[in-house]
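S.K.: Structure for this input, please:
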Amino acid sequence: EDGGGRLFGRLDDQVQVGRACLALYQTTGEAEWLERSQTLVEFCLQHLHAPDGALYDGIPDRRAVGALAIPLRDLPVNAAAARWFLEHAALTGSTELVEAAKGVLRALAPNYRRHGLLAADFALAVYEALVPWVTVEVNVRPQDAGGLRLHEAALGYYLPAKVVRVTAGSPGVASRAIICRNGACLAPVTRCEELEAKLGEIRSVLAHQA
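M.R.: Numbers count the residues shown, from 1 in each chain. A predicted model of the protein is given here:
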């Protein structure tokens with residue numbers, strides 16, 4: 001109505017909002033945010049997916065001419081999209097989305113070196129596509145300050161390829177966190193120090209394997 005231009009369906013917008021939705025899901029435990037991320041993932045795969053597996057920066061316009069007729073495949077944004085897909089897959093168990101992320105990375109791998117430091121996110125995406133993801137399941141007893149701190153510790157500890165799921169516990173049952181990786185789960189922990197120590201052990205193992 002104001003005569004201004006409009007850009008719809010840009011890849012960068014979908015990625016940023018999608019990753020924010022996953023952060024909100026892991027923070028609140030509200031399924032709505034995971035569903036919104038899923039909607040955006042499906043939009044990208046339906047409208048922005050290039051034949052070679054990469055993602056276009058916008059919906060291809062058949063009416064465009066010249067350079068505008070060639071959709072861009074921006075490496076940093078594609079790398080961020082691949083990381084978003086992998087994170088979403090870790091929370092949902094979607095093997096199809098893992099393969100879509102790997103397809104994005106394979107398509108852009110031949111040209112990553114020319115991007116220099118801008119390819120850092122690409123390197124992280126490749127790493128996250130190759131290693132088993134860590135899942136921290138936090139069960140928080142209602143109105144339990146210790147459980148909330150445990151959840152905050154799970155969210156705040158930096159570890160690549162890690163997601164957090166939070167669920168509401170039952171009264172009378174202690175809040176706890178369970179770390180799972182590669183199909184195996186560790187014993188539950190109830191204190192932040194225990195959780196951080198176990199995550200630190202995993203980080204040390206991964207550092208030696210890198």
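S.K.: Quick check: the gap between the most centrally placed residue in the chain and Lys162.
M.R.: Taking Cα atoms, centre = their mean, the centroid of the chain lies closest to Glu87, which sits 2.6 Å from it. Distance, Glu87 to Lys162, using Cβ to Cβ, to the nearest Å: 9 Å. No exception for glycine: its C-beta is placed from N, CA and C like everyone else's.
S.K.: For Glu87, give me its contacts.
M.R.: Arg19, Leu22, Glu128, Val163 (Cβ atoms under 8 Å, 6 or more residues apart in numbering).
S.K.: Okay, now the unreliable bits of this structure?
M.R.: Residue ranges of the chain with pLDDT under 70: 1-8, 64-69, 210.
S.K.: Tell me where it has helices.
M.R.: 11-28, 31-47, 75-92, 95-108, 120-130, 145-156, 192-209 (DSSP state H).
S.K.: Need the winner for burial among the ones you listed.
M.R.: Across the helices of the chain, the average number of neighbours (mean count of other Cβ atoms under 10 Å) peaks for helix 75-92, which reaches a mean of 23.
S.K.: could you check the angle helix 95-108 makes with that one?
M.R.: If you take axes from the mean of the first three to the mean of the last three Cα atoms, to 10 degrees, helix 75-92 sits at 160 degrees to helix 95-108.
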